[in-house]
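Participant: here's a sequence, model it:
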Amino acid sequence: MDNNKFKENSVFILSILITLIFIIWGVFFTENLTNVTDAVYNGSIDYLGWVYIGATLFFVIFSIYLLFSKYGNIRLGRKNDKPDFNTGSWLAMLFGAGMGIGIVYWSVAEPITHYTAPPYGNGYTIDAANTAMKYTFFHWGLHPWAVYTVIGLALAFFQYNKRLPAAISSAFYPILGDRIHGPIGKTIDILSIFATVFGIATSLGLGAMQITAGMHDIFGIPNTLFIQLLVILIATVLFIISINTGLERGIKYLSNAAIILSIAIMVLILLVGPALTVIKVFFNTIGLYISDFLHMSLRLNPFSEGEWIATWTLFYWAWWIAWAPFVGMFIARVSKGRTVKEFVIGVLIVPTLGTCLWMSVFGGSALELVQSTGNRDLANYIAENVSLSIFTFFNYLPLSSFLGILGFAVVAIYYITVADTATFVLGMLSEGGTLNPSNKIKMTWGIIQSAVAAVLLLAGGLNVLQTASILAALPFAFIMIIMCYSLQKGLKNELELQRGIRKRE
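Facilitator: Numbers count the residues shown, from 1 in each chain. Next up is the predicted model:
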């Protein structure tokens, strides 16, 4: 390969090489990789946990500032650009990319786990139930969506308003200038691909485990490693087919279907479950969430071990930041034509309310079930069997078989949607920031993602991979803080340009 060709494809080639090296390390030296990643991860959490805490709260404050700022009416794109997708499809796609499979996986398991082992106080009590819902809202509410808002808005603005490539490095143009096309910019892009590949591969592995658990619960199919690998293989074929239908069809239709089925499940649970309790849980927990927001956002327990915070809050904050390049890039891709104000409302406020409603329906109903029956064994079983949690919960409701099938369908569709979305984003990142990457590149990344998930399932290294992907979050937290400054400069410059044009007119 000649030198110019290598420079043109350097991000793609180096990203592939790093991925392969990591896979080989994980397969043949699993124990060593475990020890190294655990040591680095634990050190970052112990000594730099405050970085995650401070950064994510800053992103929330910065996002809300943008919502009410003088920049709110700036349109992402030209003055007369219209959105490529209607509002319903837009919200469905960004929700599917940002949270979809995660809220299905954790909607029952997390509240019940916090109920059995709360961050403070005694478990299995009414206070523990309220605290469990409050922290579930906290972990899935404004903070993660603010992370996505900041990076998504920065990427969309520099792509559509400044005509820069669809790459993470483009968001630093006001600071780096043309150096975004050099080694510094390429390093940023490679880091973002690294975080995306391993974060998605982990989710595919966990998703395969949940789908297999669902098939075992509903259809009696054995829950074995072979079946998990078979699920990954079939899902790979399906999302490769979807890849070839394009963004406007494949991902859009899958996202719409997932949202419609999700709403159907919520309505059914409200009809056959404790609807009044769910409504009370939603409003009560919103109140607790708002009243304790700052305390939870800055809580670190400096005079104790702080193990719960490290295991849950710091882990989540690192996880959302690690996912930010992938989710932010995709949200930017589908948000052309929106104003800054519309973007922040659509990416921060609406998904937060939707997530809280979903958690109230599932978490609130599950807590009502274990509270009303006093069944501690059920609560402990759910906390210990996260992959099965939602199906275990369905078994205690009327229409349990129908709910189980719907739940299985939602998990499967979100699984394919996330994989499909990730391959699209990886194609954009590794093809020099093109908005429409080639099917060849997307298929290559799709196969690599599935291979990574399968190899690490075989090697028993999913936890290692999850830890390693989160390590990329630490440098990326600093990158995102600088990105906020860069976005501020870019928006200020854009407003001055628009005012100058209006004066000349």
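
Participant: now for Tyr381, how many residues are close by?
Facilitator: 14 (other C-beta atoms under 10 Å). No exception for glycine: its C-beta is placed from N, CA and C like everyone else's.

Participant: that one: what's it in contact with?
Facilitator: Tyr381 makes contact with Thr392, according to C-beta atoms under 8 Å, 6 or more residues apart in numbering.

Participant: what is the mean pLDDT for stretch 298-317?
Facilitator: Here stretch 298-317 scores 84 as its mean pLDDT.

Participant: again with stretch 167-182
Facilitator: For stretch 167-182, mean pLDDT is 90.

Participant: any idea how far Gln113 lies from Met296?
Facilitator: Careful, residue 113 is Thr and not Gln. With distances taken as C-beta to C-beta, to the nearest Å, Thr113 is found 17 Å from Met296.

Participant: ok, Val278 next?
Facilitator: For Val278, the distance to Met296 (C-beta to C-beta) stands at 22 Å.

Participant: now swap in Asp217 and tell me
Facilitator: 34 Å.

Participant: also Ser360?
Facilitator: 18 Å.

Participant: low-confidence ranges in this structure?
Facilitator: Along the chain, the parts satisfying pLDDT under 70 run over 1-8, 98, 100, 243-250, 305-306, 459-466, 468-470, 472, 501-505.

Participant: go again with 50.
Facilitator: Applying pLDDT under 50 to the chain picks out residues 1, 6.

Participant: need the longest helix for it.
Facilitator: Longest helix in the chain by number of residues (criterion: DSSP state H): helix 30-68.

Participant: which parts of the stretch 351-500 of the chain are helices?
Facilitator: Taking DSSP state H, counting those that start in this stretch as the criterion, the stretch 351-500 of the chain contains helices spanning 365-373, 376-384, 389-394, 400-430, 439-459, 462-471, 473-504.

Participant: those: which one's closest to Asn73?
Facilitator: Closest of these to Asn73 is helix 473-504, at 9.2 Å (criterion: C-beta to C-beta).

Participant: for Ala92, find the nearest of the helices of the stretch 351-500 of the chain.
Facilitator: helix 400-430 (9.4 Å).

Participant: between helix 439-459 and that closest one, find me the angle.
Facilitator: Comparing the axes of helix 400-430 and helix 439-459 via axes from the mean of the first three to the mean of the last three C-alpha atoms, to 10 degrees yields an angle of 120 degrees.

Participant: any buried residues in helix 400-430, and which?
Facilitator: Of the residues in helix 400-430, 400, 403-404, 406-430 count as buried by neighbour count, 16 or more other C-beta atoms under 10 Å.

Participant: mind listing what's buried in the longest helix of the chain?
Facilitator: 33-34, 36-37, 41, 44-45, 49, 51-53, 55-60, 62-64, 66-67.

Participant: I'd guess Ala264 is in a helix, am I close?
Facilitator: Yes. Ala264 sits within a helix when classified using DSSP: H, G, I helix; E, B strand; the rest coil.

Participant: please name the residues that touch the closest residue to it other than its chain neighbours.
Facilitator: Counting by C-beta to C-beta, 6 or more residues apart in numbering, the nearest residue to Ala264 once its immediate chain neighbours are dropped is Leu406, at 6.5 Å. Leu406 sits next to Leu261, Ala264, Ile265, Leu268 when contact means C-beta under 8 Å, 6+ apart.

Participant: just the buried ones from the residues you listed, in PyMOL syntax?
Facilitator: Listed next is the PyMOL selection for buried residues among the contacts of Leu406, using 16+ other C-beta under 10 Å:
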select buried, resi 261+265+268
